[in-house]
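Colleague: Here is my input, please return the structure:
(one chain, ligands or ions: 2)
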Amino acid sequence: MPGFFFFVSLPKIAMNMKHKIAPSLLAADFLHLQQEIELVNNSEADWLHFDVMDGVFVPNISFGFPILEAVGRILKKPMDVHLMVVEPQKFIPQVAETGAYLMNVHYEASTHLHRTIAAIKETGMKAGVTLNPHTPICLLEDVIQDVDMVLLMSVNPGFGGQRFIEHSVEKTARLKDLITRKGLNTWIEVDGGVNMETAKRLLAAGADILVAGNFVFQSPAPLQTIKDLKNL
Ligand code: DX5
Ligand code: ZN
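Modeller: Ligands and ions are numbered 1, 2, ... in the order given. Alright, predicted model coming up:
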């Protein structure tokens, strides 16, 4: 009965289409990590984003596996791990061990990206490929069918609190076109300089998941800020 299907499937479609918010731990207060994680647990955040930096791929060092493991013990949201390291394929088993839901590797750091993606998926994690601001969408043409998510950097990776690169909005729209043209359901995540204003434009361009570091954790009311981003 067509009427029945319409009635049943509409809320589901609407639910699936709602964008996700992933606060970035990098901007949290590390001295009070437990309170920060409890805040995330009690919020409308969908995922928690972890920025792992090696001081080689990016000019900064953040935190590593001991932090992911400790946070993972109390975190009630899926872990979205963004590796800003050279040779990310070496760390697939360690990331999987932390219980991560999704592992993102940089296109620029992956000589054998296809193999790396397959190895990530073999562990049961979702596989994401990340593009630096200068890396064109067209380079995904022959690999996009294999990834669960594309993470677009809207700042140069390495630091939180940087200014949003405007070109990222148009780039998001072009990625959305590629995904639609191929008939795929690949998620689009955007990371860097997300605030209420940039978020609105990124969502209109086709973003599915927004990472927000400073905008959430430096906000006077992080719970409300997450809610506001979620309700856009
Ligand atoms: C930058 C990181 C981002 C960062 C975002 O290298 O990948 O995830 O934490 O921080 P904001 O939202 O403050 O730009
Ligand atoms: Zn990140």
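Colleague: Distance check, residue 214 against residue 77.
Modeller: For residue 214, the distance to residue 77 equals 19 Å [CB to CB, to the nearest Å]. (Glycine included, C-beta is placed from N, CA and C.)
Colleague: Correction: the previous question concerned residue 36.
Modeller: When distance is defined by CB to CB, residue 36 is 12 Å away from residue 77.
Colleague: again with residue 120
Modeller: As it turns out, when the distance is counted by CB to CB, residue 120 lies 20 Å from residue 77.
Colleague: Compare these two and say which is more crowded by neighbours.
Modeller: Comparing residue 120 with residue 77 by neighbour count (other CB atoms under 10 Å), the higher total belongs to residue 120, at 26 against 17.
Colleague: Beta-bridge partners for residue 149, please?
Modeller: residue 128, residue 187 (DSSP bridges).
Colleague: My read is that it contacts residue 189, right?
Modeller: Yes. Here residue 149 reaches residue 189: they are 5.6 Å apart, a contact under CB atoms under 8 Å.
Colleague: joint contacts of the two?
Modeller: Taking CB atoms under 8 Å, 6 or more residues apart in numbering as the contact rule, the neighbours common to residue 149 and residue 189 are 104, 128, 209.
Colleague: ok, then the element right after whichever strand or helix holds the first one?
Modeller: The reference is to residue 104. With elements taken from DSSP states H and E, the one containing residue 104 is strand 102-106. Toward the C-terminal end, the helix or strand that comes next after strand 102-106 (DSSP H and E) is helix 113-122.
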